[in-house]
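J.: what follows is a predicted structure for the sequence shown.
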Protein chains: 2
Amino acid sequence: MSQWSPVAVPPFTEAQQSLLLERLCQFSLANGLVMYPPGFTVTNAEIAPVTLFPTPFPKDLFERAVLVQQLFNSLFALVVSQKLWLLQVSEGLAAHDKEFTGRLYETYMKAVQLGGGKLTQQLTLGLFRSDYMYDHIQHSIKQIEFNTMSVSFGGLSTKVCQAHDYLNKSGTYKPGEKYYGDNIAVSDSLKKLADGLAHANKTYAEDSGTPATPVVLFIVQDKERNCFDQRLIEYSLVEHHSVMSYRCTLEAAKDITYLADGFLRIKATSEEVGVVYYRSGYGPLDYESDPELTWDNRLYLETSKAIKCPSLLTQLSGTKKVQQALTDPETILSFIPKLSKSELQELTDTFVKIYPLDDSPDGNLAKKLAFELPEKFVLKPQREGGGNNIYKEKIPEFLKSIDESEWGAYILMELIFPPTYNSKILRLGQVLEEHIILELGIFGTILFNEDTSEIFGNENAGHLLRSKVSSSNEGGVAAGFGCLDNVYLQEK
Amino acid sequence: MSQWSPVAVPPFTEAQQSLLLERLCQFSLANGLVMYPPGFTVTNAEIAPVTLFPTPFPKDLFERAVLVQQLFNSLFALVVSQKLWLLQVSEGLAAHDKEFTGRLYETYMKAVQLGGGKLTQQLTLGLFRSDYMYDHIQHSIKQIEFNTMSVSFGGLSTKVCQAHDYLNKSGTYKPGEKYYGDNIAVSDSLKKLADGLAHANKTYAEDSGTPATPVVLFIVQDKERNCFDQRLIEYSLVEHHSVMSYRCTLEAAKDITYLADGFLRIKATSEEVGVVYYRSGYGPLDYESDPELTWDNRLYLETSKAIKCPSLLTQLSGTKKVQQALTDPETILSFIPKLSKSELQELTDTFVKIYPLDDSPDGNLAKKLAFELPEKFVLKPQREGGGNNIYKEKIPEFLKSIDESEWGAYILMELIFPPTYNSKILRLGQVLEEHIILELGIFGTILFNEDTSEIFGNENAGHLLRSKVSSSNEGGVAAGFGCLDNVYLQEK
């Protein structure tokens, strides 16, 4: 257990909580911290599920996560642009997952073929989000996932930060004082993600020599409940960059656009699309309404001259398999040979340790750990779909139950021990007292050339804190099991 | 009929209107263009009633209304600070309207008495709004009312302007084009009203030498449905001026504040109140829950050192009687002797003509007009409560029915002929096609010394366009008979 222990929840009286609730609700409704409810009509939104106050997060670890983001951005850009390794990994995955990874891979190959051996547009834009959990035993952050496509909540995160910041500054947590001092971090993700899109759009315009400002095409899910998160980015594009946007589903892509000499244009206006921004298309469900149409439309968009956010290869770099492989320092160095020792350390420090159960030195250590400290590990089959995970104390008995020659089919993976916090959540008009665990997301934007590896802008882009009720294993704020939160940066 | 004729409504297809509606709704919900519905819970707001597109307004007349606002601001400041005339008029009104004007007058007198012959705080802040209708026969704007207290919709006006501006720029009214060009005026009333409050608050702090930034106290109605209009101003105070606010009803004023040496302070925190901003207290209904308490609290606030927005006298300057008297150029000149001829003209051009029916030259003209052009006039009894208004063609027969010696008890007042427009209104999730008439409001802010007539800042503060369904005589957007709109500034 580390010495860091979180500050207490503000001690509300009932009257104070009622005032807080009024201020929080009215701030949320006045500032677009909203979502559509299930089965919505277009005229009625609800306040997004949100904590009543920010949650303490170790300041040093937050800063470490921010610091390492640009390294991660460029690592993934290089994985994509050096291609061969990624294509091999993806081909392997494609064989096992024909219907999704397989079609992504196949669509990429077709797009290259149609481009006469290379993509029509080599530039690609990544709006990334690296998600972490805080391990309070090790006092470290551990990466859960690196998201390379359709990352959400960049818009609403800024709003929830502003809401908590307003409540803090207005003395709502403690009359006459800022209970959280000046240590509520306000995420600039809304503006920064829009800046990333605008930068790509501008670069497109400069390259193509188009006189009018190109537009951004948001590819969205039908009946998107989280559309305000997307709209906020659209409005920021208008306000700060005078860039207009269109929205359509993957199914409707050819209904509202056409291709002429490779240029993607809006049918109604002939406006040129500079960036195709996918907020849909990242999972199998986004294609299943009409697979022939949706995959065909994906190929159609990919073969256009518009910059894709992200490209197919960038999407493929986001698979678990790639991320697992990248936990190996040798693999990282193969992509960035010039990486300094300390930079490499910054990256690998965020990975949970994964041991083989073979005869290597690491393997021998793992065999010892599995029996001596099983409570810190999960045993996972190497191959996806190769069986169930075995947790903690059940590991020794399981290993004893199989022949030692079969142990090599498993890996031993460190568990993350996130602390639980008491919190209060506003959801659907109710205040719920819950034990929560945190997931911190750090946004980053990068524009790069998939062929030449050139990088044209690599930026930090704010943060997101989501809380999940600790009894729930399911994720996703929109799904109703999590809520929007924000960090109170607390020193040791 | 003037040569100015308004541009046609954008010709929507059904699909275009559906897209427009989606964009308008999502912009409104994401940007706080909302209100609470009747019987609301704090967590659920609705889109404010709003037109789908802006309404044409003659550009020259809009500019004239903007141009004359600072003159009106200072005219009312001088009426208030030169006092004697206003006190006489108010005393007269008080005699007829004991329960409201009477108590305002009495409360003012008590406040002066308690201050030992003058008010504790001589500075007062006016956030004013001058309301006009466009007369398309004369091609002129005519003042309906000059509001000196609790003017509303300065916050939401900015939002509805931004909504129409966004729809215009995004080609929603006409694909690929800005249907309304660059001629949608975006009101800066939200920011400017907050600036006015902040300026008064800063002046207070400088005068009182208080080290910490004072706070603004919003006096609001209980269960205010239009609270977002107010909250937006509060948030602007935080964002642009780091000034915090509190809200309470008139009934609760002494529950959350106390007076010490004349300084008004927040009980929970001892923070000093720099400005008391009345968004309640302007009409009899705001006092009737418990008249003893509410009038006592009003006196309590008035005797504090906080700057009142507005002071009692400034409130009293907003009566119809004062405004009617100020239509007389001689009266205006008595307050601003240095007024140039053209400035005087700018003011009086906005007044509807009012004729006596006596033996003066104007009176003789009026007697002629009443019989020859009755369709342009309304006949009103001089004394308030002196009988019904007689409209248009009914005037001659009415005058014939009474003795000519009684004619002097009436005035002949020009009618305003506003054009009606076809419009579409979004209200409670429905799109309604309506004939509307317009009411343009111009905001202004002025900080002045009620004793010395010194003016410390006199600013224009944006605009508001409200539309009313032309069949309805009742006003007020919140009441459900009007809606928020905005001007498309159209040249002749």
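T.: All right, it came through fine.
J.: what residues does chain A have near chain B?
T.: A:21-22, A:25-27, A:29-32, A:34, A:41-47, A:166, A:169-171, A:175-177, A:227-228, A:231-232, A:235, A:238, A:244-245, A:266, A:268-271, A:426, A:429 (CB under 8 Å from any CB of the partner chain). C-betas here are computed from N, CA, C, even on glycine.
J.: ranges for the strands of the stretch 1-150 of chain A?
T.: A:34-35, A:46-47, A:50-51, A:55-58, A:123-135, A:140-147 (DSSP state E, counting those that start in this stretch).
J.: and the residues of chain A next to chain B, which of them are buried?
T.: Among the residues of chain A next to chain B, those scoring as buried are A:21, A:25-27, A:29-32, A:34, A:42-47, A:166, A:169-171, A:175, A:227-228, A:231-232, A:235, A:238, A:244-245, A:266, A:269, A:271, A:426 (criterion: 16 or more other CB atoms under 10 Å in any protein chain shown).
J.: what are the phi and psi values at whichever residue of the stretch 201-350 of chain A sits closest to chain B?
T.: Of all residues in the stretch 201-350 of chain A, residue A:269 sits closest to chain B, at 2.9 Å by CB to the nearest CB. Dihedral pair for residue A:269: phi -130, psi -10, per degrees, to the nearest 10.
J.: my guess is it meets residue B:176, correct?
T.: Yes. Using CB atoms under 8 Å, residue A:269 is in contact with residue B:176, at 2.9 Å.
J.: and the residue in the stretch 51-200 of chain A that chain B sits nearest to, what does it touch?
T.: Shortest the stretch 51-200 of chain A-to-chain B distance, computed as CB to the nearest CB: residue-wise this is residue A:176, at 2.9 Å. Residues counted as contacts of residue A:176 (CB atoms under 8 Å, 6 or more residues apart in numbering or on different chains) are B:266, B:268-271.
J.: check the residue lying farthest from the centre of chain A and give its pLDDT.
T.: For chain A, the residue at maximal distance from the C-alpha centroid (CA atoms, centre = their mean) is residue A:403, at 39.6 Å. At residue A:403, the predicted lDDT confidence score is 92.
J.: same question, the one 10 residues further on
T.: According to the predicted model, the pLDDT of residue A:413 comes to 90.
J.: mind giving me the packing neighbours of the helix or strand where it lies?
T.: Taking DSSP states H and E as the criterion, the element that holds residue A:413 is strand A:410-414. Packed against strand A:410-414, as judged by 3 or more CB pairs under 8 Å, 6 or more residues apart in numbering or on different chains; DSSP states H and E, are the following elements: strand A:354-356, helix A:361-372, strand A:377-381.
J.: any buried residues in the helix or strand just after it, and which?
T.: Following strand A:410-414 in sequence order, the next helix or strand is strand A:421-427 (DSSP H and E). Neighbour-count burial for strand A:421-427 flags A:421, A:423-427 (criterion: 16+ other CB under 10 Å).
J.: strand A:421-427: how far from the chain's middle?
T.: Strand A:421-427 has its C-alpha centroid displaced from the chain centroid by 23 Å (CA atoms, centre = their mean, to the nearest Å).
J.: list the buried residues for the very next helix or strand once past it?
T.: Counting by DSSP H and E, the next helix or strand C-terminal to strand A:421-427 is strand A:430-449. Of all the residues in strand A:430-449, those buried under the rule 16+ other CB under 10 Å are A:434, A:436-449.
J.: what residues of the helix or strand following strand A:430-449 count as buried?
T.: The helix or strand immediately downstream of strand A:430-449 is strand A:455-469, counting by DSSP H and E. Within strand A:455-469, the residues that count as buried by 16+ other CB under 10 Å are A:455, A:458-469.
J.: so which of the strands of the stretch 1-150 of chain A is nearest residue B:105?
T.: strand A:46-47 (45.0 Å; CB to CB).
J.: ok, that closest one: who's next to it in the sheet?
T.: strand A:34-35 (antiparallel) (DSSP bridges).
J.: contacts for the partner strand, please.
T.: With CB under 8 Å, 6+ apart, strand A:34-35 has contacts from A:28, A:45-48, A:225-226, A:228-229, A:478, B:29-30.
J.: give me the mean pLDDT for that strand.
T.: 98.
J.: so which bits of the helix ranked longest in chain A are buried?
T.: Counting residues, the longest helix found in chain A (DSSP state H) is helix A:59-81. For helix A:59-81, burial by neighbour count (16+ other CB under 10 Å) applies to A:59-62, A:64-66, A:68-81.
J.: could you break chain A into its assigned domains?
T.: Chain A is divided into the following domains under the TED database: A:56-158+A:183-349+A:435-490, A:353-415.
J.: these two touch, right, residue A:104 and residue A:314?
T.: No. Applying CB under 8 Å as the test, residue A:104 and residue A:314 come out as separate, 10.8 Å apart.
J.: among the domains of chain A, which comes closest to residue B:100?
T.: Of all the domains of chain A, domain A:56-158+A:183-349+A:435-490 sits nearest to residue B:100, with 44.2 Å by CB to CB.
J.: quick one: end-to-end distance for the closest one.
T.: End-to-end distance of domain A:56-158+A:183-349+A:435-490: 6 Å, with CA to CA, to the nearest Å as the criterion.
J.: work out the gap between it and the centre of the chain.
T.: Using CA atoms, centre = their mean, the offset of domain A:56-158+A:183-349+A:435-490 from its chain centre is 8 Å.
J.: mind listing the helices for the stretch 201-350 of chain A?
T.: Applying DSSP state H, counting those that start in this stretch to the stretch 201-350 of chain A gives helices spanning A:227-241, A:253-256, A:291-302, A:312-316, A:320-325, A:329-335, A:341-348.
J.: how about those helices in TSV, adding mean pLDDT and distance to residue B:192?
T.: Converted to TSV, the helices of the stretch 201-350 of chain A look like this (pLDDT from 0 to 100; distance: least, CB to CB, whole Å):
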stretch	mean pLDDT	distance to residue B:192
helix A:227-241	97	19
helix A:253-256	97	40
helix A:291-302	98	45
helix A:312-316	97	46
helix A:320-325	86	51
helix A:329-335	96	54
helix A:341-348	96	48
